[in-house]
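S.K.: need the 3D shape of this:
(3 chains)
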Amino acid sequence: MQEVGFSYLSELNEKQRQAVEHIHGPVMVIAGPGSGKTRVLTYRIAHLINSGIAPWNILTLTFTNKAAREMKERIEKVVGQRANRMWAGTFHSIFARILRVEAHLIGYPNDFTIYDTDDSKSLIREITKTLGLDPKVYNNGAVRSRISGAKSNLITPKLYAENDDLMSLDRMNRRPMTYKIYEKYAARCKRAGAMDFDDLLLQMFRLLYENPNDVRTKYQMQFQYLLVDEFQDTNFLQFEILKLLTEYEGSQQNICIVGDDAQSIYSFRGATIENILQFENSYMNVATYKLEQNYRSTQSIVEAANSLIKFNKNQIQKKIWTDRLDGDKIKLIKVMTDSEEGRRVADGILEQKNRYHLANKEIAILYRTNGQSRIFEEWLRKYNIAYRIYGGTSFYQRKEVKDCIAYMRLTINPKDDEALKRVINYPRRGIGKTTIEQLIQIADDNNVSIWDCLTTIQFNGRAKQKLGKFVQLIQAMQQHAQAENAYKAALFIVRQSGIIDLLKADNSIEGKGRVENVTSLLDGIQEFVEDDEIVADEAIPVDKSMASFLQTISLMTDQDENKDNIDTVTMMSVHAAKGLEYKSVFVVGLEENLFPSFMALSSPDQIDEERRLFYVAITRAEQYLTLSYANSRYQYGNMRFNDPSRFLEELPESSMDNTVLKKSPSAGFGEPKIIGNFARKPAKAPVLQIDPSTFVATAMNKIKEGDNVLHLKFGKGEVLSIDERFVASIRFEQLNANAEKRIMLQYAKLQVLD
DNA sequence: GGGGGCTATGGGGGG
DNA sequence: CATAGCCCCC
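M.R.: Prediction:
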C-alpha cells in the first residue's frame, strides 16, 4: 500500500468524517450547497481503497463525465495510480460502456447507435404520419416526452396500453393513439439497432433483469461498492437498476447516495425527488448524515438562499450555515431593456475585474434560457472580455456536423434508419421523396431496416442505378472504417460523400463557417485518435474506433467540453451550472415568465422547482452575487414587458445591497451591433512553448524509466515507470507535482532529452 | 425529382 | 424571430 502524504481524515469536519468512515451498508448523505460533498465522495473512495477494497469493485455515478474525471484525479493524489481502475462516469456513459460488451444478449448489436432527441423526434414524426395521425395534434416533442416518461418508469408499450391513468390523460390531450406510436417507436429503434437516451438505462435494466444467473451476478460481484452523486436528480428506473445491483442473497448493500432535495431541478426529464425521500425505506438500517456547513459562500449569499428555499412546501429539514462573514451584499441591477442589461452586466464584470482583480474564469453569467446568451455575448465582445458559452446549440448539433456524423453512424451501423434518411439524398444524388417514401414503406412491410431493403430488393428504372451507387458509397466507407483509423476513415467520408465540396462551393461568411466546422470535426477526431494520455480506466483497453468516437460525443454533457486552462468568463444555463462554483456570479433575467418560466406558472409544484433552480443559481457564488432584471425584452420577435421575478421579493432585505448604483461609467458605447454568425469551435489545447519543427518523437522502444522527456502537450517531464502494456507514468514540471500523467507509448508524442 | 417561397407555430431545462 | 413543413411550379 502506498504511503499517504497527509491524513485526509484531518481535513474533514465531524459529519464529513463520519460519512467517509461509514463504509459498510447503505448510507445517505444530505449535502447542502458548498458543504464539501465532493470532498466527502473523493475521500470516501480513497478510504475504501486504503481499507483494502479493490478499485475495480467501486462504481461511482456522477452527473457529468468531467466530475468523474476530476474525482479520479483527486483520489489519485491520495492513493496513487490504482485509483484509475475504479469505475466512474455518468449513468449513461457507464451503461453504454457495459452495453457495448453485452448488448447482443438482449438482441441489439454491440455497435448500437445512440439516437439523440432529434433522431427520436424525427422517427416519431414518421410513425405518426404512417399511422395517418395529424402531426399537429401529435406534436412529436410531446409524444417523445410521454414515451420517455413511460420508459423511465419501466412501463412497456403493453403496460402503457393497459394503464388507465396514462390512457385517459392521452385522451384528454386528444392523443389517444400515443400508446400505438410508443409501440412502433420501440420496435423501430430495435430494428435500427439504436438506443435512445432512455434505452441506455432501460436496456441496462433488461440486461440485468433478464439474465439473473450470469450477467446480473457478474455485475453484482463486480460493483461491491456503489456511490451515487446528485441522487435527487435520478429517476425511478435508475433507482431500480441500483436496486438490482445491490439486492441479492448475502449482499452487504454498500450503497452510498449523496444529494440535496433542495437542488432537485430535473423533474422535466423524469427525475423524482421521491428517490431521495424513499431511500430510507428501500434499505434496512440506512445511516443518514447531513452536511450543513457551507464552505463556499459568504453570509449574505447563504442567508438569501435559506430565506428563498423556505417558500417551498416540502423539504428535508436542515440548517445551512457559514462562518464566512466577509464579502459584499447582493447587488441588484434594474434596467429598462434587455440590451441595457447586457451592458450593465458587462460593466459590472469590468469593474470587478479591476477592483477585485478577478480573472475571467472566476466569473459566470447564469441564465434561465440559452437564448439569453446572445446579448451578453455582444457586449462582452465589445468590451474585449474573453467568454465561453456552454450548452445551447452545441458544436455537434450544427447541421453540417450532424450530416458528417450521420455518414459515420451509417458506416458503423447501416441499420441506422435515421442516419440513412438524413444523408441518402444529401448531397443531392437524385433520390427523391417518392423513392424514399417507398423505401420506408417496403422496409416497414418486411420489418427490416431501410439498408436491408436497399441491399436485398431489386429496384427498377432510374432509382435502381442511383440507389446502387449510394450503397456502393456506403460500402466503400465501411471498408475504410475497417482498414484505417477513425480519422482517415472520417476524411474519406467527408470527401467521398461530396459534403466538403458542396460546402466549399458556398463562399459566404456562413458557408466558410460551415467548412471550418467540418474541419474542426476532423481535427477533433484526429485529436481523439492521437491522444496518448489515459484518463479512463486502465482495466479497459483503449478504443479508438469510430464507433467509440461516436459514443463519446453523443454522451458528452455540457460541462464536459470545459477546458479549464482557458481564462474566459463562463456563460451557461442555470441547469448546466449544477455542481460548479465561481467567485462572482451574475444571475440575469429575473423576471416573471422568464425566471420563473411561463411554462411553470400554472402549477405550484413547478414553481417550487423553479425556486429550487434559483436556489442552485445563487448558491454557485462564493463571494460576489449580482442579480438583474429588465422591464422589457425581445422574445420571439416581440417586445415583452415583464414584472420583476417573485423570487426577488423572497430574498431578505438584510442580504441586499441597497445603495443606489452610480450611473454606469461606460455609457458612451451606444447600442451594440449584431455581429455575424461566427462558428464556435471546440477549444483547442493550450499553446505550448515547444517548437514543433524541432520536435522529434522518439520511438517507443527507446524510451525507458528515468528518461527526461519532452511532450508536445505537457512539456518537460520525467518517466517514473513503464508498465507491461507500455503505459508510462510521467511527472511533468509544469503540472501539479503530485499529478502523474499516464501516457500510452503506442501513441506517444515524446522526445527523449539528453 | 428538385427548388423556392410562404405560412404556421413554437416558445425550457438536457443525457 | 427562426425554422420546419408544406404547397406549388418547373
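S.K.: when you work out contacts or count neighbours from here on, use the C-alpha atoms and nothing else.
M.R.: Noted.
S.K.: over to A:Glu249. Which of the three states is it?
M.R.: Following DSSP: H, G, I helix; E, B strand; the rest coil, we place A:Glu249 in the coil state.
S.K.: and it, how far from A:Asp328?
M.R.: From A:Glu249 across to A:Asp328, the span is 56 Å (CA to CA, to the nearest Å).
S.K.: settle it for me: which of these two has more neighbours?
M.R.: Remark: of A:Glu249 and A:Asp328, A:Asp328 carries more neighbours, 16 against 6, as counted by other CA atoms under 10 Å.
S.K.: report the secondary structure state of that one.
M.R.: With three-state DSSP as the basis, A:Asp328 sits in coil.
S.K.: show the backbone phi and psi for the residue nearest to it when sequence neighbours are not counted.
M.R.: Using CA to CA, 6 or more residues apart in numbering and skipping residues adjacent in sequence, the residue nearest A:Asp328 is A:Tyr624, 6.3 Å away. Main-chain dihedrals, A:Tyr624, degrees, to the nearest 10: phi -120, psi 130.
S.K.: make sure A:Tyr624 is actually in contact with A:Gly327.
M.R.: Yes: the pair formed by A:Tyr624 and A:Gly327 meets the contact definition of CA atoms under 8 Å, at 7.1 Å.
S.K.: please say which of the two ends up with more neighbours.
M.R.: A:Tyr624 (22 against 15).
S.K.: what about the more buried one, distance to A:Glu73?
M.R.: In this view, A:Tyr624 and A:Glu73 are 29 Å apart by CA to CA.
S.K.: try A:Pro652
M.R.: With CA to CA as the criterion, A:Pro652 and A:Glu73 are 40 Å apart.
S.K.: who in the stretch 301-450 of chain A is up against DNA strand C?
M.R.: Residues of the stretch 301-450 of chain A lying close to DNA strand C (CA under 7 Å from any atom of the strand): none.
S.K.: now swap in chain A and tell me
M.R.: Within reach of DNA strand C by CA under 7 Å from any atom of the strand, chain A has these residues: A:122, A:125, A:135, A:635-637.
S.K.: just among these, which is most surrounded?
M.R.: Most neighbours among these, by other CA under 10 Å: A:Arg125, with 23 neighbours.
S.K.: who does A:Ser628 bridge with?
M.R.: Beta-bridge pairing for A:Ser628 (DSSP bridges): A:Ile333.
S.K.: I figured it hits A:Ile333, correct?
M.R.: Yes: if you go by CA under 8 Å, A:Ser628 and A:Ile333 touch, sitting 4.4 Å apart.
S.K.: what's the overlap in contacts for those two?
M.R.: Residues touching both A:Ser628 and A:Ile333 (CA atoms under 8 Å, 6 or more residues apart in numbering): A:Glu341.
S.K.: for the two, work out which one has more neighbours and name it.
M.R.: A:Ser628 (23 against 18).
S.K.: residues in contact with that one?
M.R.: Listed by CA under 8 Å, 6+ apart, the contact partners of A:Ser628 are A:332-335, A:341, A:586-590.
S.K.: so can I have TSV of the residues you listed showing pLDDT?
M.R.: Output for those, formatted as TSV (pLDDT from 0 to 100):
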residue	pLDDT
A:Leu332	96
A:Ile333	96
A:Lys334	95
A:Val335	94
A:Glu341	95
A:Phe586	97
A:Val587	97
A:Val588	96
A:Gly589	95
A:Leu590	96
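S.K.: count of neighbours near A:Lys15?
M.R.: By the criterion of other CA under 10 Å, A:Lys15 has 15 neighbours.
S.K.: surely it and A:Tyr289 touch.
M.R.: Yes: the pair A:Lys15 / A:Tyr289 is scored as a contact, 6.6 Å apart, by CA under 8 Å.
S.K.: for DNA strand B, what are the nearby residues on the stretch 601-750 of chain A?
M.R.: Within the stretch 601-750 of chain A, the positions near DNA strand B by CA under 7 Å from any atom of the strand are A:606, A:610, A:635-637.
S.K.: helices - which of those residues land there?
M.R.: Judged by DSSP state H, helices contain the following of these: A:606, A:610.
S.K.: and for A:Thr456, the neighbour number?
M.R.: 8.
S.K.: repeat that for A:Phe714.
M.R.: Neighbours around A:Phe714, by other CA under 10 Å: 18.
S.K.: nearest residue to it other than its sequence neighbours?
M.R.: Using CA to CA, 6+ apart, the closest residue to A:Phe714 is A:Phe732 (6.6 Å).
S.K.: how much space separates the one you found from DNA strand B?
M.R.: Using CA to the nearest atom of the strand, to the nearest Å, we find A:Phe732 at a distance of 31 Å from DNA strand B.
S.K.: what do you get for A:Pro55?
M.R.: For A:Pro55 relative to DNA strand B (CA to the nearest atom of the strand), the value is 23 Å.
S.K.: so who does the residue nearest to A:Phe714 touch?
M.R.: Contacts of A:Phe732 (CA under 8 Å, 6+ apart): A:714-718, A:740-741.
S.K.: kindly recompute the last result at 10 Å.
M.R.: A:708-711, A:714-719, A:738-741 (CA atoms under 10 Å, 6 or more residues apart in numbering).
S.K.: list the beta-bridge partners for it.
M.R.: A:Gly717.
S.K.: mind pulling up the pLDDT for it?
M.R.: We have a pLDDT of 80 for A:Phe732.
S.K.: repeat for A:Tyr185
M.R.: For A:Tyr185, the pLDDT comes out at 94.
S.K.: neighbours around the residue nearest to it when sequence neighbours are not counted, how many?
M.R.: Counting by CA to CA, 6+ apart, the nearest residue to A:Tyr185 once its immediate chain neighbours are dropped is A:Ile124, at 6.6 Å. The number of residues packed near A:Ile124 is 24, by other CA under 10 Å.
S.K.: can you give me every residue that contacts A:Ile124?
M.R.: Each residue near A:Ile124 by CA under 10 Å, 6+ apart is listed here: A:118, A:130, A:135, A:138-141, A:143-144, A:181-182, A:184-185, A:188.
S.K.: lowest-confidence one in the contacts of A:Phe732?
M.R.: A:Asn738 (58).
S.K.: verify the contact between A:Ala305 and A:Val616 for me.
M.R.: Yes: at 8.6 Å, A:Ala305 and A:Val616 qualify as touching, with contact defined as CA atoms under 10 Å.
S.K.: which residues are in contact with each of the two?
M.R.: Joint contacts of A:Ala305 and A:Val616 (CA under 10 Å, 6+ apart) are A:Pro33.
S.K.: burial measure for A:Leu358, as a count.
M.R.: Neighbour count for A:Leu358, taken as other CA under 10 Å: 16.
S.K.: next: A:Ala359.
M.R.: By other CA under 10 Å, the residues close to A:Ala359 number 15.
S.K.: ok, it - contacts?
M.R.: A:349, A:352-353, A:567-569, A:583.
S.K.: and the residue of the stretch 251-400 of chain A found nearest DNA strand C, how far from A:Leu503?
M.R.: When scored by CA to the nearest atom of the strand, the stretch 251-400 of chain A has A:Lys399 as its residue closest to DNA strand C, at 8.3 Å. Between A:Lys399 and A:Leu503 the distance is 12 Å, computed by CA to CA.
S.K.: more neighbours, these two?
M.R.: A:Leu503 (19 against 12).
S.K.: who does whichever strand or helix holds the more buried one touch, helix- and strand-wise?
M.R.: Element membership of A:Leu503 [criterion: DSSP states H and E] is helix A:499-504. Applying 3 or more CA pairs under 10 Å, 6 or more residues apart in numbering; DSSP states H and E, we find helix A:499-504 packed against helix A:399-412, helix A:486-496, helix A:509-530.
S.K.: so what's the residue of the stretch 401-550 of chain A at minimum distance from DNA strand B closest to, chain neighbours aside?
M.R.: Evaluated by CA to the nearest atom of the strand, the stretch 401-550 of chain A has A:Gly430 as its residue closest to DNA strand B, separated by 2.6 Å. Closest residue to A:Gly430 in three dimensions, ignoring its sequence neighbours and counting by CA to CA, 6+ apart: A:Lys466, at 6.9 Å.
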